[in-house]
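Student: Got a predicted structure here, sequence first:
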Amino acid sequence: MVASPHPLEPLTLEGRFIQLLPLAAAHAQALFDVGRDEDIWRFMPYGRMDSLADMEAWVALLLGHQARGRDMPFVVFHRGQARVVGATRFMNADAPNRAIEIGGTWYGAGYRGTIVNPEAKLLLLQHAFEHLACVRVQFRTDLRNLRSQRALERLGAVREGVWREHMLLPDGHRRSSVVYSVLENEWPAVKAGLMQRVAKGVGNPAT
């Protein structure tokens with residue numbers, strides 16, 4: 001990253017269709033309202049958000065990670081509808097190795113398969129490679145989550161392998177994760193593809 005170690009300072013990333021706004025405690029209600037679909041939480045390591053208190057605890061957890069300097073959580077704000085439609089974050093920042101992970105991404109049911117995810121990934125990857133000077137951006141997704149894997153492959157991320165049963169989920173499932181990455185020299189082609197999709201307003205049926 002540009003400085004070592006580079007602090008992940010809260011900031012807003014501006015897109016054509018969405019904004020990525022720094023997560024705040026005040027966002028818990030909006031996130032709970034859009035996150036009522038149980039399918040969102042099926043593969044998440046923190047389980048379902050059955051109540052506003054659950055969402056408030058999750059937001060507090062992420063803000064704690066941010067305070068320790070390794071994560072930068074965002075809410076995804078839909079410009080046209082003037083509402084929060086999901087969340088995403090930078091995580092596991094590794095300044096000495098100029099690497100970072102994008103994860104914890106979810107959207108309300110009506111926003112999957114739209115332009116929201118491609119533009120969110122464009123904003124995050126652009127910030128990582130062009131402002132934080134990363135040489136590697138990593139993604140992980142549950143081995144069972146084929147929709148997420150298809151979306152990452154369409155984006156242009158390279159599948160590297162599987163971390164086998166490395167995480168115990170709240171329901172007792174031993175999660176295996178598929179690892180993907182985009183490297184610095186791959187970024188121009190990935191960027192061009194995402195910019196083309198955003199320019200056309202094209203989403204991803206696999207998102």
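Tutor: Received it, and whenever you're ready, just let me know what you need.
Student: contacts and neighbour counts: CA atoms only from here.
Tutor: Will do.
Student: Ala133 belongs to a helix?
Tutor: No - secondary structure assignment (DSSP: H, G, I helix; E, B strand; the rest coil) places Ala133 in coil, not in a helix.
Student: burial measure for it, as a count.
Tutor: 18 (other CA atoms under 10 Å).
Student: Kindly report the same for Gln81.
Tutor: That count, for Gln81 with other CA under 10 Å as the rule, works out to 10.
Student: Check the offset of stretch 91-111 from the chain's centre.
Tutor: 4 Å (CA atoms, centre = their mean, to the nearest Å).
Student: Buried residues, it. List them.
Tutor: 91-95, 98-109, 111 (16 or more other CA atoms under 10 Å).
Student: Quick one: end-to-end length of stretch 166-176, please.
Tutor: The first and final residues of stretch 166-176 sit 6 Å from each other (CA to CA, to the nearest Å).
Student: and what of stretch 82-102?
Tutor: 24 Å.
Student: Same question for stretch 64-79.
Tutor: 28 Å.
Student: Pull out the buried positions in that stretch.
Tutor: For stretch 64-79, using 16+ other CA under 10 Å, the buried residues are 65-66, 69-78.
Student: neighbouring contacts of that stretch?
Tutor: 7-10, 16-23, 27, 62-63, 83-94, 116, 120 (CA atoms under 8 Å, 6 or more residues apart in numbering).
Student: so how far is that stretch off the chain centroid?
Tutor: 10 Å.
Student: which residue lies farthest from the center of the protein?
Tutor: In the chain, counting by CA atoms, centre = their mean, Gly172 sits farthest out from the average C-alpha position, at 23.9 Å.
Student: Please settle this for me: is that residue part of a strand?
Tutor: No - counting by three-state DSSP, Gly172 is located in no strand; its state is coil.
Student: Please list all residues in contact with it.
Tutor: Gly172 neighbours (CA under 8 Å, 6+ apart): none.
Student: how much space between it and Val85?
Tutor: For Gly172, the distance to Val85 - CA to CA - is 29 Å.
Student: Can you list the low-confidence ranges for the chain?
Tutor: 1-7, 202-207 (pLDDT under 70).
Student: Show me the helices in it, by range?
Tutor: Assigned by DSSP state H, the chain shows helices spanning 28-34, 52-67, 116-130, 146-155, 187-200.
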